[in-house]
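[1] please work out how this folds:
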Amino acid sequence: MKVVIPAAGLGTRFLPATKAQPKEMLPVVDKPTIQYVVEEAVESGITDIVIITGRGKRAIEDHFDKSYELEHRLTASGNDDELDKIRKIASMADIFYIRQKEQLGLGHAILCAKKHIGREPFAVMLGDDIVVNEKPCMAQLLRVHSEKVASVVGVQTVPKAQTPKYGVIDAKEESEGIYRVTDLVEKPSPEDAPSDLAVIGRYVFEPQIFDYLERIGPGKNGEIQLTDAMKMLCKERNLYGLKFSGRRFDIGSKVDWIRATVELGLERPDLGEELRPALKKLLG
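    Below you'll find the model as predicted:
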């Protein structure tokens, strides 16, 4: 299977930090956000990756490329551990890049990958969503896709007050944590939300999603909305929601970015012991 990682957004929620660097390259501890996403794909068995980029995103390509000068310096200094890390970044997957020339929405970004994907099922992972779990989130979705032979989206329970931030599913639970989706509502008010199950940035689609994306045309803000295509899909075909296991961090949110850095930093053997008493002192 192949995975599409849309990473062409402007990152306006993180200005001015994203004025000259992609938001997907914001570091969580010492690793760019998008590297966590690519590693999750690889750990789920997917090594054919297409990243949808845009203007100003060259740093993503450079990060996953070889760096001869850096490798030479690390070799000369005998820093074998760091050298091994750098080489693994460049060799862990086959990564292709497609530029989205206009900001026409998430649905349009996925459409840009149609020729690369062909008529096979494929995964989509948003480039600024990190999910941490012993069993990768994407691997969990792939298991359900294999069982149902249908499109699957990752969902999580959110407080009703937060539903205006997400696409929310209307669904019936068929088995523990697996829901048959009957409708989706994009960013509903708390009183209009059909449930408290929000769609997050992990999907496995049957190739027919391309047909729906082409049929819907521009929606809100003149963009091709993935939610609109999924609404059409679930009326004509099976669409499932999986309440996945794991901690999710939305790195487009400043609070979540800080939370991810703190939580993942505390779990690091080389950082946690020193960081924990510093945080306790800070918090009084």
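[2] the closest residue to Asp183 other than its chain neighbours: how many residues sit nearby?
    Excluding its sequence neighbours, the residue lying closest to Asp183 (Cβ to Cβ, 6 or more residues apart in numbering) is Asp170, at 4.0 Å. For glycine as for every other residue, the C-beta is placed from the backbone atoms N, C-alpha and C. Using other Cβ atoms under 10 Å, Asp170 is surrounded by 18 other residues.
[3] same thing with Thr182?
    14.
[4] now do the contacts for Leu197.
    155-158, 168-169, 171, 179, 241, 243 (Cβ atoms under 8 Å, 6 or more residues apart in numbering).
[5] what's the answer for His145, then?
    121, 151-152, 204.
[6] for the stretch 1-150 of the chain, what spans make up the helices?
    All helices of the stretch 1-150 of the chain, identified by DSSP state H, counting those that start in this stretch, fall at 33-43, 58-63, 68-76, 80-91, 106-111, 114-117, 137-148.
[7] and the second one, which residues are buried?
    Within helix 58-63, the residues that qualify as buried by neighbour count (16 or more other Cβ atoms under 10 Å) are 60, 63.
[8] which neighbouring elements make contact with it?
    helix 33-43, strand 48-53 (3 or more Cβ pairs under 8 Å, 6 or more residues apart in numbering; DSSP states H and E).
[9] again with the third one
    Packing contacts for helix 68-76, counted by 3+ Cβ pairs under 8 Å, 6+ apart, involve helix 80-91.
[10] what angle do the helix it packs on and helix 68-76 make?
    150 degrees (axes from the mean of the first three to the mean of the last three Cα atoms, to 10 degrees).
[11] tell me the mean pLDDT for helix 80-91?
    The average pLDDT for helix 80-91 rounds to 94.
[12] residues making contact with it?
    35, 63-67, 70-71, 74-75.
[13] closest to Met92 out of those residues?
    Lowest distance from Met92 to the contacts of helix 80-91 (Cβ to Cβ) belongs to Phe64, with 8.5 Å.
[14] residue contacts, the nearest residue to that closest one once chain neighbours are set aside?
    Nearest non-adjacent residue to Phe64, counting by Cβ to Cβ, 6+ apart: Ile95, 5.2 Å away. Under the criterion of Cβ under 8 Å, 6+ apart, the neighbours of Ile95 are 38, 49-51, 64.
[15] how close does Ile95 sit to Met25?
    14 Å (Cβ to Cβ, to the nearest Å).
[16] let me see the confidence value for Arg127.
    No Arg there; residue 127 is Gly. The model's pLDDT for Gly127 equals 88.
[17] one more: the one 3 residues further on?
    At Ile130, the model reports a pLDDT of 95.
[18] unless I'm mixing things up, it is touching Arg248, no?
    Yes: Ile130 is within contact range of Arg248, at 7.1 Å (criterion: Cβ atoms under 8 Å).
[19] ok, the two, which is more surrounded?
    Ile130 (26 against 18).
[20] beta-bridge partners for that one, please?
    In this entry, Ile130 is beta-bridged to Phe249, by DSSP bridges.
[21] that older thread, the residue nearest to Asp183 is in what secondary structure piece?
    strand 167-175 (DSSP states H and E).
[22] list the buried residues for that strand?
    Quick answer for strand 167-175 (16+ other Cβ under 10 Å): 167-171.
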